[in-house]
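> Quick one, structure for this:
(one chain, ligands or ions: 1)
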Amino acid sequence: MSLKTLKDYDIFGWRGEFYFKVDGPKTFKARWPNKGTIKLQRNQEFTSKADMSLWSQFKTVHVDHPAVQKIKVILREKDHLKKDEVVAEQEFEIKLPSKTEYVILQDSKEQTKAKLRIQAARTRY
Ligand SMILES: [Ca+2]
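Coordinates of the predicted model:
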């Protein structure tokens, strides 16, 4: 995952404070990072380390019946004076299994962009 913004989100400090919410099956929501925010000034970019995942899930899929998993990803920006703003929100349909692919989650003005890597490979153990 990488996150970049071209916009100033805060009048004071000039730094946006971002975090992700991920909606999996049923109503379970994950937050990433679990605590804290990704602080970005205009034109800054954050790239996560390889071992950082927004969401992980194991699902049993029968060979003859490929499945689809819907995952909703929400990017929010924190504000101390008002409710946290939803910058971007999108539901991704992930075919199981599938090759690694990259998707873009961005705001309507295309100023803040998250590039997400989706890995839905078969797991054998
Ligand atoms: Ca803020």
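> Okay, strands next: where are they in the chain?
Ranges of strands within the chain are 2-5, 16-23, 29-32, 38-40, 45-47, 67-77, 85-96, 98-106, 112-120, based on DSSP state E.
> Just tell me which of the ones you listed ends up closest to the ion.
strand 16-23 (4.6 Å; C-beta to the ion). For the C-beta atoms, the positions are set from N, CA and C on the backbone; glycine is no exception.
> what packs against the closest one?
Strand 16-23 is packed against strand 2-5, strand 29-32, strand 38-40, strand 67-77, strand 112-120, with contacts defined by 3 or more C-beta pairs under 8 Å, 6 or more residues apart in numbering; DSSP states H and E.
> which residues sit against the last one?
So the one you mean is strand 112-120. 1-7, 16, 18, 20, 54, 69, 73, 75, 87-88, 92, 94-98, 100-107 (C-beta atoms under 8 Å, 6 or more residues apart in numbering).
> 6 Å instead, please
Contacts of strand 112-120 from elsewhere in the structure, counted by C-beta atoms under 6 Å, 6 or more residues apart in numbering, are 1-5, 75, 87, 94, 96-98, 100-106.
> Could you do the first one as well?
Outside strand 2-5, the residues within contact range by C-beta under 6 Å, 6+ apart are 16, 38, 40, 45, 46, 47, 112, 113, 114, 115.
> Near the ion, which residues of the protein? Just list them.
The chain has residues 10, 17, 79 near the ion, with proximity defined as C-beta under 5 Å from the ion.
> What subset of those is buried?
10, 17 (16 or more other C-beta atoms under 10 Å).
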